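Colleague: Test case, fold it:
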Amino acid sequence: MNKTNLILFFSFSLASIAIIACSSAKTEAETIRTNVPLDSIVLSDPCILADEVTSMYYMTGTGGKLWKSKDLKLWSGPYVVAQTDSNSWMGPRPMIWAAELHSYQGKYYYFGTFTNRDVKIDTVAGNEIERRASHILVSDKPGGPYVPMKDEIYLPANKPTLDGTFWIDKDGKPYMVYCYEWLQAIDGTMEKIELKSDLSGSIGEGKLLFRASDSPWSREKDADGNDVPNRVTDGPYLFETGTGRLGMIWTSWIYDVYTQGVAYSESGTLDGPWIHEPEPITPPNFGHGMLFRTLDGEMLMSVHSHKEMKDGRYHRVPHLFKVDITGDKLVVGDRYAVML
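Modeller: Below you'll find the model as predicted:
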């Protein structure tokens, strides 16, 4: 199966997850599980917020739901927390991908990718491009519910964007960093857009940070079998090292292997230029990482393992790795053992 078919099949599979995320409160109450080990949860793009106010961990990702834990060992969920406006561009039951939770100025924000499969915005190389965009919801509590804010649109309607993440740059302004999807862009990009001070909307237009083809490690075969740079940008997440260096982990592919690498900004700001490390930073078939510090102060990376099943579906499970960013570079260590 070629890369385009894999991506489209993944989108089709996630549609069923998005539909489940819109089930009634009664159905949700009947399906909440308790004391679930981390490696028993099937979840793509896991993002964990360690909340000091409630002394709890909150994990979300693709699907629009939330898991809760006191110790990273046993989790309860999944809780439905993303509440979208059915009259907005998203439609009544949007697909939800790659959600992240961020605490900012006393509130909690839900950065997610929302897709309305009933709206087609373009056709490129025979592929219909659906209305998809990174968007932000807000809550007063880490456990939600997360609801819409003022602006209905953060990014252009004719441009498929995904995997939005959050960063306060050296100018003190908040930004969303996101991917411009390769299905339309051909060579996927990483971009930024300034956000309003309360994150309720965006300001101005997006700006290019780098292209997928800038990476020295991500590769694929073209239609003629030639070895070329991969076109996929996925899962950005920003961090600052102990020496003040700005870095970004992000994910692409090495042929059919899901892989994560890292780039560093020479200027120390989002504007770059971004210089990519030559080698990946995680084992093969691990990716879409996020960083968080535990309630005990240890820095960890949450990622999902990626496995293609015999029927072509993807099986993805959250994992944790130890991470050291006290020096000049991010160093990924051993797996973080979650002992029961």
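Colleague: For the rest of this, base every contact and every neighbour count on C-alpha atoms.
Modeller: Fine.
Colleague: For residue 17, give me the pLDDT.
Modeller: As predicted, residue 17 sits at a pLDDT of 39.
Colleague: same thing with the one 10 residues further on?
Modeller: Looking at residue 27, its pLDDT is 46.
Colleague: Then the one 3 residues further on?
Modeller: According to the predicted model, the pLDDT of residue 30 comes to 52.
Colleague: Where does pLDDT dip in the chain?
Modeller: Within the chain, the set of residues satisfying pLDDT under 70 comprises 1-30, 339-340.
Colleague: Could I get the contacting residues of residue 128?
Modeller: Residues touching residue 128, when contacts are defined by C-alpha atoms under 8 Å, 6 or more residues apart in numbering, comprise 120-122.
Colleague: Any of the residues you listed buried? List them.
Modeller: Under a neighbour-count criterion of 16 or more other C-alpha atoms under 10 Å, the subset of the contacts of residue 128 counted as buried comprises residue 122.
Colleague: which among the contacts of residue 128 gets closest to residue 81?
Modeller: residue 120 (26.7 Å; C-alpha to C-alpha).
Colleague: what's the helix or strand hosting the closest one packed up against?
Modeller: Secondary structure here is read from DSSP states H and E; on that basis residue 120 sits in strand 107-124. Contact analysis of strand 107-124 by 3 or more C-alpha pairs under 8 Å, 6 or more residues apart in numbering; DSSP states H and E lists strand 95-104, strand 127-139, strand 161-168, helix 182-185 as its packing neighbours.
Colleague: What is the neighbour count of residue 31?
Modeller: 12 (other C-alpha atoms under 10 Å).
Colleague: Would you format the helices and strands packed on strand 107-124 as CSV with distance to residue 228 included?
Modeller: Conversion of the helices and strands packed on strand 107-124 to CSV gives the following (distance: least, C-alpha to C-alpha, whole Å):
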stretch, distance to residue 228
strand 95-104, 27
strand 127-139, 21
strand 161-168, 23
helix 182-185, 15
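Colleague: out of these, nearest to residue 155?
Modeller: Of all those, the one in closest proximity to residue 155, counting by C-alpha to C-alpha, is strand 127-139 (6.6 Å).
Colleague: Now the closest one: buried residues?
Modeller: Of the residues in strand 127-139, those scored as buried under the neighbour-count criterion (16+ other C-alpha under 10 Å) are 129-139.
Colleague: just curious, which of these is nearest to residue 329?
Modeller: If you rank those by distance to residue 329 using C-alpha to C-alpha, residue 134 comes first, at 28.4 Å.
Colleague: Name the nearest residue to the closest one, sequence neighbours excluded.
Modeller: Setting aside the residues directly before and after it, residue 134 is nearest to residue 113 in space (C-alpha to C-alpha, 6 or more residues apart in numbering), at 4.3 Å.
Colleague: For residue 69, see how far away that neighbour is.
Modeller: 24 Å (C-alpha to C-alpha, to the nearest Å).
Colleague: These two: who's more crowded?
Modeller: residue 113 (27 against 21).
Colleague: Could you list the paired strands of the strand holding residue 120 along with their orientation?
Modeller: For strand 107-124, the paired strands and their directions (DSSP bridges) read strand 95-104 (antiparallel), strand 127-139 (antiparallel).
Colleague: Run the chain-centre distance for that strand.
Modeller: How far strand 107-124 lies from its chain's middle: 13 Å, per C-alpha atoms, centre = their mean, to the nearest Å.
Colleague: Many thanks, have a good one.
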